[in-house]
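Participant: What would the 3D arrangement of this be:
(one chain, ligands or ions: 2)
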Amino acid sequence: MSDATDARPYDALLLLSFGGPEGPDDVVPFLENVTRGRGIPRERLEEVGQHYYLFGGVSPINAQNRELLAALREDFAANGLDLPVYWGNRNWAPYLTDTLREMAADGRRRILVLATSAYASYSGCRQYRENLAEALAALEAEGLPVPRVDKLRHYFNHPGFVRPMTDGVLASLAELPEDVRAGAHLVFTTHSIPLSQAETSGPAGGAYVAQHLDVARVIADAVREETGVDRPWELVYQSRSGAPHIPWLEPDVCDHLETLHGQGAPAAVMVPIGFVSDHMEVLYDLDTEAMAKAGELGLPAVRSATVGADPRFAAAVRDLVTERAAAERGEHPERCALGALGPSHDVCPVGCCPARTPKPAAAGADSPYA
Ligand SMILES: CC1=C(CCC(=O)O)c2cc3nc(cc4[nH]c(cc5[nH]c(cc1n2)c(C)c5CCC(=O)O)c(CCC(=O)O)c4C)C(CCC(=O)O)=C3C
Ligand SMILES: [Fe+2]
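Facilitator: Residues are numbered from 1 along each chain as shown. Ligands and ions are numbered 1, 2, ... in the order given. Here you go, the predicted structure:
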């Protein structure tokens, strides 16, 4: 393991997330921020707005990021890692540009970024890198010093991300009635994305699905070992958006529950491996919509926990920070990873997770910033 207290050359960590509305008046402006220039049909937006209004116009994502920030600060302090942690979002306050401005004013010059997305995809990786480039350009235009930003590697297969989810599945199985527990399917879910984006994800294409399958297999294997029961599992998708004629990853989780029921499956545990916390995608698309579908079918179902602010995840972030810092210093740190794919790259190569319309992206080999 790398020196657990040495973050040099980095002088700050930036938690970079999606952002969400904090009251009913925020919902429409938030959705406008999310969908600017993305060609999402108006009906879809109205529908998604309703999901937020059902919860008082409040997405839980900001509170969850505040908890994660607190967990990171606590973990760093308890382990002697002296590194300040900041937070900025793509779509809602605190906005990324404001946070980077504050960081520059505080004298931060080498910033490491933790995005709240564990996998390779345009939305989960390059789009955050585009947001960073846009924010750095704003600082430059204001005559402020432009810090150098690097992004932590994809952490989907880090034990500190996978282990809490495995424990979540074990806890969910225990909640199912005993007579259906052994036959329960493990239904791993993630955000659907356009097929074209899935095909071009990662340095060589196909990374989004391959990474999820790798994690699903690791969790299914661990659950089998710990319960002594070999359960069927599948990877399915949720939260599809976009125009109906554009193909996205399938099957949808609700259709899949119907299929399982038709095949006589006795129960299902939905495992949202694609998400870092219980934000609106989890609360509405799984806990509300998919659970209602399971209820209609009479299929016993439980949804297992995301990592959220689990202390093991905070410790994993510390490990990733010190690992990357050591690599930047020219050392050869050990890189923790479960599954078959191994640790992901530190620096996204040119053309990784390409956008439909090319835009400058920071924190990668094609960054216009050093
Ligand atoms: C891969 C992926 C993740 C996981 C990785 C990551 O976490 O980044 C994710 C997370 C999230 N997505 C979120 C919200 C939304 N995503 C939308 C739209 C879209 N998401 C997409 C993909 C992803 N999204 C895509 C390809 C679109 C189509 C438009 C586009 O190409 O951009 C829309 C527009 C309406 C709609 O169409 O649903 C909303 C409101 C929230 C916040 C939830 C909250 O408020 O609690 C979170 C964490
Ligand atoms: Fe999304």
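
Participant: how about M270, secondary structure?
Facilitator: When classified by DSSP: H, G, I helix; E, B strand; the rest coil, M270 comes out as strand.

Participant: From V223, how far off is it?
Facilitator: 14 Å (C-beta to C-beta, to the nearest Å). Bear in mind the C-beta positions are built from the backbone N, C-alpha and C, glycine included.

Participant: Compare neighbour counts for these two and give me the winner.
Facilitator: Ranked by neighbour count (other C-beta atoms under 10 Å), M270 and V223 place M270 first, with 26 against 22.

Participant: got the contact list for that one?
Facilitator: 187, 189, 253, 286, 290, 301-304 (C-beta atoms under 8 Å, 6 or more residues apart in numbering).

Participant: For R36, give me the pLDDT.
Facilitator: Predicted confidence (pLDDT) for R36: 88.

Participant: Among the contacts of M270, which one sits closest to ligand 1?
Facilitator: T189 (11.2 Å; C-beta to the nearest ligand atom).

Participant: who does the closest one bridge with?
Facilitator: Counting by DSSP bridges, T189 is bridged to V236.

Participant: among the contacts of M270, which are in strands?
Facilitator: Residues of the contacts of M270 located in strands (DSSP state E): 187, 189, 301-303.

Participant: For those residues, work out which two are farthest apart.
Facilitator: Taking C-beta to C-beta as the measure, these span a maximum distance of 12.9 Å, between T189 and V302.

Participant: Of the two, give the one with the bigger neighbour count.
Facilitator: In this view T189 and V302 are compared by other C-beta under 10 Å, and T189 has more residues nearby, 28 against 20.

Participant: Show me where the protein has its helices.
Facilitator: 27-35, 42-54, 61-78, 96-105, 127-141, 159-175, 178-181, 195-199, 207-227, 253-262, 280, 291-297, 311-328 (DSSP state H).

Participant: now these as TSV including distance to G274?
Facilitator: Below are those laid out as TSV (distance: least, C-beta to C-beta, whole Å):
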stretch	distance to G274
helix 27-35	17
helix 42-54	17
helix 61-78	14
helix 96-105	22
helix 127-141	15
helix 159-175	11
helix 178-181	25
helix 195-199	12
helix 207-227	7
helix 253-262	11
helix 280	13
helix 291-297	17
helix 311-328	15
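
Participant: can I get those in TSV with distance to ligand 1?
Facilitator: Converted to TSV, the helices of the chain look like this (distance: least, C-beta to the nearest ligand atom, whole Å):
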stretch	distance to ligand 1
helix 27-35	5
helix 42-54	4
helix 61-78	4
helix 96-105	13
helix 127-141	7
helix 159-175	13
helix 178-181	30
helix 195-199	7
helix 207-227	8
helix 253-262	15
helix 280	3
helix 291-297	17
helix 311-328	14
